[in-house]
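Engineer: Fold the following, please.
(one chain, ligands or ions: 1)
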Amino acid sequence: MLNRNFDLEIKSNHSLEKLNTFGLDVASESFFIVKDLKDLRNILLKNKNKKITVLGGGSNILFTKFLDGLCLKIDLKGIDIVEENEKNVIVNVMAGENWNDFVEWSVNNGFGGIENLSLIPGLVGAAPIQNIGAYGVELKDVFVSCNTININDQTEKEFDEKSCLFGYRTSRFKTTDKNIYIITSVKVRLTKEKHKYNISYGTVKEEIGNREINLKSISKAVIKIRKSKLPNTDLIGNCGSFFKNPVINELKYLQLKKKFPSISVFKVKKNEYKVSAAWLIEFLKYKGKSFGNVGVYKNQALVLVNLGGATGKEVLSLANKIISEVYSTFKLSLQPEVEIL
Ligand SMILES: Cc1cc2nc3c(=O)[nH]c(=O)nc-3n(C[C@H](O)[C@H](O)[C@H](O)COP(=O)(O)OP(=O)(O)OC[C@H]3O[C@@H](n4cnc5c(N)ncnc54)[C@H](O)[C@@H]3O)c2cc1C
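Structural biologist: The predicted structure follows:
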């Protein structure tokens, strides 16, 4: 058996500038690209006392300082159909696959369920962390299970949909079990026929227009809408929505509505409402404004942008300014969706 020397493969003081979509110029103390599971187990064993940071596509992380410890960039590849019947397929996707490439693969194969999640940046392994969602669909709607490796003892564990504790942009991996598990693969159930098309959210229906409603036309429409609203991360550093929409009860909703009649609020279920964080930020006149090297995107108030040469601290300082002003005006606590390191 090949006895590989992992110390040789670990890079020191490695720049992460090209590995985070904010384009922030930070480095990690040590860095390793995980290409297979055996390597992952070995590297965890050999670095037991080090702080471990898992990195996917870096599209939901704000680096505010030098990253101590070992950064593991997940690059595990593979897409396999592991079960199939007349109606469904169950697909196992390795954590290092690009999420949008997987969506494209599904749509091209005629498998339905994730077409509304087209063009979300990042890797498959990060998708369960915040239960990615867009245009009325969330990962949890198709999720079967994920395989993980425990960072502390290298044991493997599979979590089914229920045990992941998915919620709005959250899961056990972002809350109770934060920094404990590395997701190595994800299984999803996709439809082969009788697809449940969801075109009621946003302007998807209008974008499809007279064209036939199918997986490809929905995916195309979502991509077009997203491109018109969100900045291209290759051109403008950003992490998509920086904040989550605050969730409130009916009493708070009625109080806000009285004071701010035009406030944008969606009913989620009985006694649960979601306030549009974008509306709150726009109301406070932040949309399109710049503050030195950082700013709020002109087409979407939820997106904070690196205008060039920004540091993570500058982005964080703008985020905190917005959080504080939203609180003093509306008595609402804005929570970042982005992981701040
Ligand atoms: C332009 C833009 C638009 C976006 N639109 C959406 C959207 O519509 N909906 C949405 O939900 N999100 C959206 N996002 C956010 C982002 O794309 C998702 O959160 C995505 O899942 C992050 O994937 P990533 O691989 O880049 O994760 P990273 O940013 O690398 O990591 C995010 C977090 O997950 C952890 N992590 C990553 N991989 C693993 C793993 N294998 N095991 C354990 N932990 C891991 C990291 O440590 C970190 O805490 C958008 C981002 C951008 C830039």
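Engineer: and the stretch 51-200 of the chain, which of its residues are near the ligand?
Structural biologist: Residues of the stretch 51-200 of the chain that fall close to the ligand, judged by C-beta under 6 Å from any ligand atom: 54-61, 74, 95, 120-123, 125-127, 129-130, 132-134, 182-183. For every residue, glycine as well, the C-beta is placed using N, CA and C.
Engineer: please redo it, this time with the cut-off set to 5 Å
Structural biologist: Taking C-beta under 5 Å from any ligand atom as the test, the list of the stretch 51-200 of the chain residues beside the ligand reads 54-61, 74, 95, 120-123, 125-126, 129, 132, 134, 182-183.
Engineer: Then the stretch 201-341 of the chain?
Structural biologist: Where proximity means C-beta under 5 Å from any ligand atom, the interface of the stretch 201-341 of the chain facing the ligand comprises 230, 239-240, 339.
Engineer: Help me confirm that Gln130 comes into contact with Thr170.
Structural biologist: Yes - taking C-beta atoms under 8 Å as the contact criterion, Gln130 and Thr170 are neighbours in contact, 6.1 Å apart.
Engineer: ok, the two, which is more surrounded?
Structural biologist: Taking neighbours as other C-beta atoms under 10 Å, Gln130 and Thr170 compare with Gln130 leading, 23 against 17.
Engineer: how close does that one sit to Asn320?
Structural biologist: 21 Å (C-beta to C-beta, to the nearest Å).
Engineer: Skip the chain neighbours and tell me the closest residue to His195.
Structural biologist: Ranked by C-beta to C-beta, 6 or more residues apart in numbering and with sequence neighbours excluded, the top spatial neighbour of His195 is Gly112, at 3.3 Å.
Engineer: Any buried residues in whichever strand in the chain runs longest, and which?
Structural biologist: Longest strand in the chain by number of residues (criterion: DSSP state E): strand 181-191. The neighbour-count criterion (16 or more other C-beta atoms under 10 Å) identifies 181-191 as the buried residues of strand 181-191.
Engineer: Beyond that strand, next helix or strand please.
Structural biologist: Heading C-terminal from strand 181-191, the first helix or strand you meet, by DSSP states H and E, is helix 204-208.
Engineer: who does that following helix touch, helix- and strand-wise?
Structural biologist: Contacts defined by 3 or more C-beta pairs under 8 Å, 6 or more residues apart in numbering; DSSP states H and E place helix 204-208 against helix 215-229.
Engineer: Mind giving me the packing neighbours of whichever helix or strand comes after the helix it packs on?
Structural biologist: Proceeding C-terminally, helix 215-229 gives way to strand 237-241 as the next helix or strand, assigned by DSSP H and E. If you count contacts as 3+ C-beta pairs under 8 Å, 6+ apart, strand 237-241 packs onto strand 303-306.
Engineer: Any part of the one helix or strand Ser30 maps to near the ligand?
Structural biologist: Here Ser30, judged by DSSP H and E, is contained in strand 27-34. No - using C-beta under 5 Å from any ligand atom, strand 27-34 never reaches the ligand; the gap is at least 8.9 Å.
Engineer: Show the average pLDDT along that strand.
Structural biologist: In this model, strand 27-34 carries a mean pLDDT of 96.
Engineer: ok, it: who's next to it in the sheet?
Structural biologist: The partner list of strand 27-34 in its sheet, established with DSSP bridges, is strand 11-15 (antiparallel), strand 67-74 (parallel).
Engineer: Kindly compare burial across these and name the winner.
Structural biologist: Of these, the one with the most neighbours on average (mean count of other C-beta atoms under 10 Å) is strand 67-74, at a mean of 20.
Engineer: Just the residues contacting it, thanks.
Structural biologist: 10, 14, 16, 19, 26-34, 40, 43, 47, 50-56, 95-96, 123, 125, 182, 341 (C-beta atoms under 8 Å, 6 or more residues apart in numbering).
Engineer: PyMOL command to pick out the buried ones of these?
Structural biologist: Restricted to buried positions by 16+ other C-beta under 10 Å, the PyMOL selection for the contacts of strand 67-74 reads:
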select buried, resi 10+14+16+19+26+27+28+29+30+31+32+33+34+40+43+47+52+53+54+55+56+95+96+123+125+182+341
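Engineer: For the residue in the stretch 101-250 of the chain positioned nearest to the ligand, list the residues it contacts.
Structural biologist: Scanning the stretch 101-250 of the chain for proximity to the ligand using C-beta to the nearest ligand atom identifies Gly122 as nearest, at 2.2 Å. For Gly122, the contacting residues are 56-60, 98-99, 132, taking C-beta under 8 Å, 6+ apart as the criterion.
Engineer: mind running it again at 6 Å?
Structural biologist: Under the criterion of C-beta atoms under 6 Å, 6 or more residues apart in numbering, the contact list for Gly122 reads 56-57, 59, 99.
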